[in-house]
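K.L.:
Sequence first, predicted model second:
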Amino acid sequence: MVYIAPSILAADACRLSDEVLKASRSGADFIHCDIMDGHFVPNISFGPHVVAAVKKCSPLPVEAHLMISEPDRYAAAFIDAGADIISVHCETPEKSRKAADLIRNAGRMLGLVVNPPTPFESIQALFDLRPELVLCMTVNPGFGGQEFIHDVLPKIRAVRESLNPTYLSVDGGLNTNTIALAARAGANFIVAGTAVFRAQDPVSAVKELRMAASQA
C-alpha cells in the first residue's frame, strides 16, 4: 500500500479551505501540515489553529510535522487541534521523548523525523518509542520546492530493513522520478506539496504519484 499526503505548505493560503478540500477529493490518504518556528528551521509557517482548521475542512487524517525547537512544549496544542499523527525530530532527542509521551498518552500516532545530515543511528536510538511513522527528509527542511537529495536513499533503505515502521515517509523534491527511487528504497508514505497543489489536475497528479511508487 502506498500513501499520499499532500503538504499544505504548497497550498494557496488565500484559499486554504478550498485547497484542502481539493486535496481531500484527489484520492490522497492524509493531509500533511509543516509546522515551522523560525528557530529549528529558518522559516515560519503556521501553528495549531491552522491544523484545527484543516481538520474541519477535510475528512482525511492529518499529520502535523513539528519542525520546532520545543516539541515538548507545544505537542499538547497540536493534540488539542486534532492532529492524528504528530511527528517530532530526532535532532531534539530529549524534548522529542517528552513530546512522545504526551502524544502516546493522548492516543495519537507518533512520527519520528530525521534530517538529511543526521545519521541513521539517531533514529535507531529513539525507536524504543515505537513510532508508527518514520519520515526521512529528502531536502533540508524549511522551504518547499527544493531538489531531492539522493544521498538520503541509503538511510531510507536502512530504516526499512532494520526498523520496518508501518509508514516510512519521504518529504522534499518528490516527483514521479524521485518517488520511484524512494519507493525502491522502501518508502511507502509520500509527502508531496508542489506536485499536488500546483498541478492542473490534482486527481491525476495523485494517481501518477501513487503509480510511480507502486511500480517501483
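P.N.:
Perfect, I can see it now.
K.L.:
mind checking how far the lowest-mean-pLDDT helix or strand in the chain is from the chain centre?
P.N.:
Here the helix or strand of the chain ranked lowest by mean pLDDT, DSSP states H and E is helix 194-197, holding a mean of 87. Relative to its parent chain, helix 194-197 has a centroid offset of 14 Å by Cα atoms, centre = their mean, to the nearest Å.
K.L.:
Which SSE is immediately downstream of that helix?
P.N.:
The helix or strand immediately downstream of helix 194-197 is helix 202-214, counting by DSSP states H and E.
K.L.:
Output that next one as CSV - backbone C-alpha positions only.
P.N.:
Provided in CSV are the C-alpha atoms of helix 202-214 (Å, rounded to 0.1, in the frame of the first residue of the first chain):
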residue,chain,number,x,y,z
PRO,A,202,-4.8,17.1,-8.6
VAL,A,203,-6.7,13.8,-9.1
SER,A,204,-4.4,12.8,-12.0
ALA,A,205,-1.3,14.1,-10.1
VAL,A,206,-2.1,11.8,-7.1
LYS,A,207,-2.7,8.8,-9.3
GLU,A,208,0.6,9.4,-11.1
LEU,A,209,2.5,9.7,-7.8
ARG,A,210,0.9,6.6,-6.4
MET,A,211,1.6,4.7,-9.7
ALA,A,212,5.2,5.8,-9.7
ALA,A,213,5.7,4.5,-6.2
SER,A,214,3.6,1.3,-6.7
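K.L.:
counting contacts, what elements does that helix pack onto?
P.N.:
For helix 202-214, the elements it packs on are strand 3-6, helix 176-185, strand 189-192, helix 194-197, judged by 3 or more Cβ pairs under 8 Å, 6 or more residues apart in numbering; DSSP states H and E. C-beta here means a position set from N, CA and C on the backbone, and glycine is covered the same way.
K.L.:
Kindly provide the whole-number mean pLDDT of the third one.
P.N.:
In this model, strand 189-192 has a mean pLDDT of 94.
K.L.:
quick revisit: next, the buried residues of the least confident helix or strand of the chain.
P.N.:
194, 195, 196, 197 (16 or more other Cβ atoms under 10 Å).
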